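Engineer: Below is the sequence, then the predicted model.
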There are 2 protein chains.
Amino acid sequence: MGHSNMTTHRILIRGQWRESRSQATFQAENPRTRQPLPDTYPVSAWPDCEEALDAATQAATQIRRLPAERAASFLERYAGRIEDRRNELVEIAHNETALPVSPRLTDVELPRTTDQIRQAAAAARDGSWRRVIIDTGSGIRSCLEPLGPVCVFGPNNFPFAFGSVSGGDFAAAIAAGNPVIGKAHSSHPGTTRVFAEAAHAAAVETGMPEGTVQMMYRLDHADGLRLVSDRRVGATGYTGSRKSGLKLKEAADAAGKPIYLELSSINPVVILPDALEERSDAIADEFTTSCLLGAGQFCTNPGLVILLDTPASEAFISAVAHRFQQAPIGTLLSKGVAENLQRGVALLKKAGAQQITDKTAEQPSGYSYPNTVLRVSGDQFIKESEVLQSEVFGNAMLFVVARDVQQACTVVEELEGNLTGCVYSHSTARNDWACERLASGLRRRVGRLLNDKMPTGVAVSPAMNHGGPYPATGHPGFTSVGIPTSLTRFSMLCCYDNVRPHRLPTWLQDENPNPGTWRQIDGRWTQANVGE
Amino acid sequence: MGHSNMTTHRILIRGQWRESRSQATFQAENPRTRQPLPDTYPVSAWPDCEEALDAATQAATQIRRLPAERAASFLERYAGRIEDRRNELVEIAHNETALPVSPRLTDVELPRTTDQIRQAAAAARDGSWRRVIIDTGSGIRSCLEPLGPVCVFGPNNFPFAFGSVSGGDFAAAIAAGNPVIGKAHSSHPGTTRVFAEAAHAAAVETGMPEGTVQMMYRLDHADGLRLVSDRRVGATGYTGSRKSGLKLKEAADAAGKPIYLELSSINPVVILPDALEERSDAIADEFTTSCLLGAGQFCTNPGLVILLDTPASEAFISAVAHRFQQAPIGTLLSKGVAENLQRGVALLKKAGAQQITDKTAEQPSGYSYPNTVLRVSGDQFIKESEVLQSEVFGNAMLFVVARDVQQACTVVEELEGNLTGCVYSHSTARNDWACERLASGLRRRVGRLLNDKMPTGVAVSPAMNHGGPYPATGHPGFTSVGIPTSLTRFSMLCCYDNVRPHRLPTWLQDENPNPGTWRQIDGRWTQANVGE
């Protein structure tokens, strides 16, 4: 264990920082030095989960009795406390993930995180997310209500904005009125600890029930499966690898527990020859920046580019390969990412892809892999589409050169569900027919369709869909980014039939409790009271 | 095969009535005579499914290109054609299900069915179901769009209103822009055939693509599992037994295909002593009518009544038992229902329930079972809650007599997810505290909470939730009754980011294509155009 701190960190259960009931421990690693970081964290076993579930169940009942304003205040206070500890968070996250301090952790991901939390607070206060429907004729009223304790499994690649007790799933679950049991990603336990401390302090300050925010650092796989399928759980949010996610999905599905997964995506980009003839350099720059952002470790990283077999496409491939070779090589999040990337590229090559960048670029001292461009023909892609569309997480990408528009459409038809799909075309309506055919194939396979724009920017907009058909996620009807839409995942539809007026939840009563809340009354969306 | 018609009926595939490629056949039975009905229907094997899936995939693409008006016209024409064949439908359904002609098939279920279809048509035309969100600041717009071919498995108990090519799932799937592959319930194939004929004729008349409505009579279980998990399927709607439903769910879940199930529910009713002191006779009448409606074969049949241990409760139990014994015994839907009912009552008794109605009432000649009232103590229910809350589908019910409010709450805590839950209390606010405690326990376990009203009426209201937590359904966020809400099940969330204005779907363009469509523009619900 080297120079490890002999004290194992405590977990946050029932409003207390307490020792894990388990003996097993782990340490995170600094990806830049490949050395273990000094702190020691517990691997929780079932007794920790059991206590967390009990406390969360009580908290769920208590939160239901509080006004929505309380959760909003908590989230806002929490955002402030995150900002108070900004430097500490950035430093520890930089050591645990190797993600750059700037531009990234300090000036991009941290403000995004607090902004999301504040938007979630506003949504909780506003209440429009509840989709109130009042049918005065039948005496029936309905709305969305909290579902119960939400488990959040955060990913490795966004230690702040998707963190298990700081990210979008957390903020959405809390804003919808649920307690959260967060499972830190084991590559950045220290970052998660600081967030949990800030959240806990904010919860105490705003009088939220014990058990509103709980956090464990790591679980054995079997306990994870047991946790998401426990009777007391309302739902689970998971962002991470497809393999682990599908195991959790199987367990949750068998228990009838909703689980929202963000699994994997290669985010196909189609670039038509006309676009390249018009602005090849600009697109090559834009693509290279997007694809190498964060060493390619984005859920929306454009990993597959479909071109038509033209000289402009060949020139574009060369231009991108050149840029990839010139670009600095980023440090990867972990040893596991580096190994998977190497393995993934090897698999693509075995399936017929040809590597066109150097294999021996000079690399940084940490975990890394050369910026890699591969290419394959449309014929070969169609023949080996299962392997050739596997996600290779990191700074590698694959060009598919299709014979013609028809074959490009066939390539698209072979694709599984993805988070995003883009089409680049000439700035005029030239060849709009090709664009339309390709876009209509992509449309059914992706959650977000883009034109002339790379997919890596995921705006926190109410119209955003950071989701898509399986296996990009587990359900094509929900988004994990975008407020208030993402809150609906952690709610259930509750109907009140002939319920006496004074027993209705406030937001279903005749008088709109908050003049800002949109409600649907007799088919009409309004902010007015019933009868007005 | 007795006097069976030697010609096997044809299935509806790709807009043609054609012979099944399979040899196996079956006949339905008349539950009143226990004799097979003369017509012979095929049990389809995989080749039929394969053709249906291919045709549906093509239809899905074609329907996307049509204006929503077309599906609306189709549904309206179809409702008219159902009314044209009303007498035939009622006669054949009566022979296949023994459900009374009146009041029920002619004057309740058929008008409800055409009403639902017309409401779905109006929703398709209106477009508000799409939940359009326009964020002008970020250039991002989103809405719900059709998901692809929908498989519908209808139940035995509502041959019209939940029928696989006539019921709520069918109407919702079509209105949302999807083709439907219907699987008839094998207890009423003839009824389903007449509906499919009417739907097919309406589809031809209104120029809907071949493959918009397809119908098979029966499938082997393995083919059913393969169907719902096929890559070409968008989603599945299933209403029926928990056992079969969970098998389909497992297959669909493993393939990442949404499946919306309505499985089983005992619809707990809590009746507080004050309510009985005030209006015991009225409640006994209301309860008996609701519980014996359709021989108890309703998804929302109140099968469990929780009372407190008081003299008023004892008198109520006697009054209900008396009414059950006096009431005519209905004919059950099938031999299977009768056998399961007998088996279910035996299981309840084995788990400690005591039967308080006669076991030897005079029965009709068809499949039937005596109207049955059972009772059990709160202590015993808590001890054997798993068995004692199993659904006993048909004209039997169980009273749970709890020691006090606290124990009644514990009984409620033991309940699984249900479609509905009711509380009856004194007409004044007397003892509202008890009501509140019990209702808050029920609330988290049911989709629809009622006061002073039995659950069997399921109004087709936009605020209805005919759904609830598992195992009542497979997901607590969706309803299978209520328009336009039920349409969302058969859609995916589609986001457009920086997509050129002329390429946006019409309903996402600046100009609202239909002045009636509600859209959310920059946080405000409006029927106006963007910028107005």
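Structural biologist: Received it, and whenever you're ready, just let me know what you need. Residues are numbered from 1 along each chain as shown, chains lettered A, B, ... in the order given.
Engineer: wait, isn't residue A:383 in contact with residue A:352?
Structural biologist: Yes. With contact defined as Cβ atoms under 8 Å, residue A:383 counts as touching residue A:352 (7.5 Å). Glycine gets a C-beta too; all of them are placed from N, C-alpha and C.
Engineer: and chain A, what are its domains?
Structural biologist: Split into domains by automatic domain parsing, chain A comes to A:43-134+A:144-233, A:269-451, A:485-526.
Engineer: out of the ones you listed, deepest packed?
Structural biologist: Each of the domains of chain A was assessed for mean neighbour count using mean count of other Cβ atoms under 10 Å in any protein chain shown. The highest is domain A:43-134+A:144-233, with a mean of 22.
Engineer: can you tell me the average pLDDT over it?
Structural biologist: The average pLDDT for domain A:43-134+A:144-233 rounds to 97.
Engineer: Excluding residues flanking it in the chain, which one is nearest the residue in the stretch 351-500 of chain A that chain B sits nearest to?
Structural biologist: Closest residue of the stretch 351-500 of chain A to chain B, Cβ to the nearest Cβ: residue A:470 (2.7 Å). Spatial nearest neighbour of residue A:470, chain neighbours left out: residue B:256 (2.7 Å); criterion: Cβ to Cβ, 6 or more residues apart in numbering or on different chains.
Engineer: what residues are up against that neighbour?
Structural biologist: By Cβ atoms under 8 Å, 6 or more residues apart in numbering or on different chains, the contact set of residue B:256 is A:417, A:469, A:470, A:471, A:474.
Engineer: Tell me the one among those residues nearest to residue B:121.
Structural biologist: Using Cβ to Cβ, residue A:469 is the member of the contacts of residue B:256 that sits closest to residue B:121, with 27.4 Å.
Engineer: Give me the neighbour count for the closest one.
Structural biologist: By other Cβ atoms under 10 Å in any protein chain shown, the residues close to residue A:469 number 26.
Engineer: And residue A:457, by the same measure?
Structural biologist: Using other Cβ under 10 Å, residue A:457 has 14 other residues around it.
Engineer: what about residue A:222, distance to residue A:244?
Structural biologist: From residue A:222 across to residue A:244, the span is 12 Å (Cβ to Cβ, to the nearest Å).
Engineer: What strands line up against the host helix or strand of residue A:306, and which way round?
Structural biologist: In this assignment (DSSP states H and E), residue A:306 forms part of strand A:304-308. Strand A:304-308 has its sheet partners listed here by DSSP bridges as strand A:269-271 (parallel), strand A:396-402 (parallel).
Engineer: If you count contacts, what does the helix or strand immediately after the shortest one in the chain end up packed against?
Structural biologist: This means strand A:269-271. Later in the chain than strand A:269-271, the nearest helix or strand by DSSP H and E is helix A:273-292. Applying 3 or more Cβ pairs under 8 Å, 6 or more residues apart in numbering or on different chains; DSSP states H and E, one finds that helix A:273-292 makes contact with strand A:304-308, helix A:311-326.
Engineer: residues in contact with the closest residue to residue A:45 other than its chain neighbours?
Structural biologist: Distances taken as Cβ to Cβ, 6+ apart put residue A:22 closest to residue A:45, at 4.0 Å, once the chain neighbours are dropped. The neighbourhood of residue A:22, defined by Cβ under 8 Å, 6+ apart, consists of A:42, A:43, A:44, A:45, A:47, A:48.
Engineer: quick one: secondary structure of the closest residue to the first one other than its chain neighbours?
Structural biologist: Closest residue to residue A:42 in three dimensions, ignoring its sequence neighbours and counting by Cβ to Cβ, 6+ apart: residue A:20, at 3.4 Å. The assignment at residue A:20 comes out as coil when based on DSSP: H, G, I helix; E, B strand; the rest coil.
Engineer: Assess the claim that residue A:20 and residue A:48 are in contact.
Structural biologist: Yes. Residue A:20 is in contact with residue A:48 according to Cβ under 8 Å; the separation is 5.5 Å.
Engineer: overlap in contacts of these two?
Structural biologist: Common contacts of residue A:20 and residue A:48, defined by Cβ under 8 Å, 6+ apart, comprise A:11, A:42, A:216.
Engineer: residue boundaries of the strands in the stretch 401-532 of chain A?
Structural biologist: Listed in chain order, the strands of the stretch 401-532 of chain A (DSSP state E, counting those that start in this stretch) span A:418-424, A:446-451, A:491-497, A:519-521, A:524-526.
Engineer: If we ignore the residues flanking it in sequence, what's nearest residue A:474?
Structural biologist: Nearest to residue A:474 is residue A:261, by Cβ to Cβ, 6+ apart, at 4.2 Å.
Engineer: Tell me how far that neighbour lies from residue A:236.
Structural biologist: Remark: distance between residue A:261 and residue A:236 (Cβ to Cβ) = 8 Å.
Engineer: Determine how far the last residue of stretch A:387-402 lies from the first.
Structural biologist: Using Cα to Cα, to the nearest Å, the end-to-end distance of stretch A:387-402 comes to 17 Å.
Engineer: With stretch A:138-150 instead?
Structural biologist: Stretch A:138-150: ends 34 Å apart by Cα to Cα.
Engineer: just how off-centre is it within its chain?
Structural biologist: 25 Å (Cα atoms, centre = their mean, to the nearest Å).
Engineer: which residues does the nearest residue in space to residue A:399 that is not next to it in sequence bridge with?
Structural biologist: Nearest non-adjacent residue to residue A:399, counting by Cβ to Cβ, 6+ apart: residue A:375, 4.2 Å away. Per DSSP bridges, the residues bridged to residue A:375 are residue A:354, residue A:399.
Engineer: Spit out the contact partners of residue A:375.
Structural biologist: Each residue near residue A:375 by Cβ under 8 Å, 6+ apart is listed here: A:317, A:353, A:354, A:356, A:398, A:399, A:400, A:401.
Engineer: with the residues you listed in mind, which one is nearest to residue B:141?
Structural biologist: Closest approach to residue B:141 among these (Cβ to Cβ): residue A:400, at 28.6 Å.
Engineer: Surely the closest one touches residue A:308?
Structural biologist: No. Taking contacts as Cβ under 8 Å, residue A:400 lies outside contact range of residue A:308: 10.1 Å.
Engineer: how far away is the nearest residue to residue A:273 once chain neighbours are set aside from chain B?
Structural biologist: Once flanking residues are discounted, residue A:273 sits nearest to residue A:310: 4.4 Å by Cβ to Cβ, 6+ apart. To chain B, residue A:310 is 22 Å away according to Cβ to the nearest Cβ, to the nearest Å.
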